[in-house]
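A.B. asks: The following comprises the amino acid sequence and a computationally predicted model.
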Amino acid sequence: PVYDQYWSEYAVWVVSNDNLYFRSCDGAIVALTSGNPQASSAAQRNTQYEARNTHYPTWNTPPLIIPYTEARAWAGHTATVTGTLRYVFNNGKQVLLGFAHPHQGAFKAIIRRADWGRFDGAPEKMYHVGQPVAVTGTISWYQGDPAIYVTTPEQVEQLLLQLSPAVERHVR
């Protein structure tokens, strides 16, 4: 996830002394190493683990509905992302449903090859450029762009009507 979130063709990484140093395209430096230098004993590590993994109650709330242009701000959240497809492409490994063309830098839905069998046909033939859709799932990252990984056809709802941005703002 860290790699996908900060990925760019301009990013640089270096391995030195069992550490991975990564410079993102915006100049951020990330150092990754194994182990926990602050843990002095196994008991302390277990206490820290248990504190981090406390289970909190969850509420059944409807997913957030947002336009594709706001997906980046909602990474890590479950949402329904709406927009009109501008790019549909099968690269043999996955089908990309892009909401901007070119798709770099914008939200996209990704259907991996392992999930194609769950669809009634080839995903790239089910969806087409100009089609308004709503994609539901957890917003994560793909090569630095916000993305939802689609595993079932129910996650992509084909909309009958696409509202103009001005009307959509008043509806929300």
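C.D. replies: Thanks, I have it. Residues are numbered from 1 along each chain as shown.

A.B. asks: tell me which strands and helices the helix or strand containing residue 22 is in contact with?
C.D. replies: Using DSSP states H and E, residue 22 falls within strand 19-23. If you count contacts as 3 or more Cβ pairs under 8 Å, 6 or more residues apart in numbering; DSSP states H and E, strand 19-23 packs onto helix 2-6, strand 12-16, strand 29-32. Every residue, glycine included, has its C-beta placed from N, CA and C.

A.B. asks: Just name the shakiest helix or strand of the chain by mean pLDDT.
C.D. replies: helix 42-52 (a mean of 47; mean pLDDT, DSSP states H and E).

A.B. asks: Find the nearest non-adjacent residue to residue 157, please.
C.D. replies: Nearest non-adjacent residue to residue 157, counting by Cβ to Cβ, 6 or more residues apart in numbering: residue 134, 4.5 Å away.

A.B. asks: quick one: that neighbour and residue 80 touch, right?
C.D. replies: Yes. With contact defined as Cβ atoms under 8 Å, residue 134 counts as touching residue 80 (5.1 Å).

A.B. asks: Identify the contacts common to these two.
C.D. replies: residue 65 (Cβ atoms under 8 Å, 6 or more residues apart in numbering).

A.B. asks: rewinding a little: report the angle between the strand holding residue 22 and strand 12-16.
C.D. replies: Calculated by axes from the mean of the first three to the mean of the last three Cα atoms, to 10 degrees, strand 19-23 forms an angle of 160 degrees with strand 12-16.

A.B. asks: pull the CA atoms of strand 19-23 into PDB?
C.D. replies: Extracted in PDB, the C-alpha atoms of strand 19-23 (Å, rounded to 0.1, in the frame of the first residue of the first chain):
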ATOM      1  CA  ASN A  19      16.900  -0.300   5.000                       C
ATOM      2  CA  LEU A  20      14.800   0.900   2.200                       C
ATOM      3  CA  TYR A  21      14.800   4.600   1.500                       C
ATOM      4  CA  PHE A  22      12.100   6.000  -0.800                       C
ATOM      5  CA  ARG A  23      11.700   9.500  -2.200                       C
END
